[in-house]
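A.B. asks: Curious how this folds, go ahead:
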Amino acid sequence: MNTDEHMLEVLQKTLAKIDELNARLGHIEKDLTSIDKYQMNMDHHARAIEAATNNNNIM
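C.D. replies: Below is the predicted model of the structure:
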């Protein structure tokens, strides 16, 4: 195997690893987005409960 063939092989392996890492990052990004949505939803519910509690205390 000459130098050019070796460099090509190394570059192909590197590209394959980059593609793999991009896929993993995509999954992580999706998970983080889901966590953010969940936290926003829980915050909304917590504020609604707090408002209902405050309304009950006034009455």
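A.B. asks: The protein: helices as residue ranges?
C.D. replies: 3-58 (DSSP state H).
A.B. asks: where does it have low pLDDT?
C.D. replies: Along the chain, segments meeting pLDDT under 70 span 58-59.
A.B. asks: Name the residue closest to the centre of it, please.
C.D. replies: residue 29 (2.2 Å; Cα atoms, centre = their mean).
A.B. asks: Kindly provide the distance from that one to residue 8.
C.D. replies: Between residue 29 and residue 8 the computed distance is 31 Å (Cβ to Cβ, to the nearest Å). Yep, even glycine has a C-beta here, placed from its N, CA and C like the rest.
A.B. asks: got it, and residue 28?
C.D. replies: Plainly put, residue 28 is 30 Å away from residue 8 if you go by Cβ to Cβ.
A.B. asks: same question, residue 15
C.D. replies: Relative to residue 8, and taking Cβ to Cβ, residue 15 is found at 10 Å.
A.B. asks: what do you get for residue 1?
C.D. replies: 10 Å.
A.B. asks: Just want to know which of these two has more residues nearby.
C.D. replies: residue 8 (12 against 7; other Cβ atoms under 10 Å).
A.B. asks: How about the contacts made by residue 48?
C.D. replies: Residues near residue 48 by Cβ atoms under 8 Å, 6 or more residues apart in numbering: none.
A.B. asks: Could you number the chain from 18 rather than 1 from now on?
C.D. replies: With 18 as the first residue, the last one maps to residue 65.
A.B. asks: how close does it get to residue 36?
C.D. replies: 44 Å.
A.B. asks: do the same with residue 43
C.D. replies: 11 Å.
A.B. asks: How about residue 20?
C.D. replies: Distance, residue 20 to residue 36, by Cβ to Cβ: 25 Å.
A.B. asks: Out of these two, name the residue with the larger neighbour count.
C.D. replies: The residue with more neighbours, out of residue 20 and residue 36, is residue 36; 10 against 7, by other Cβ under 10 Å.
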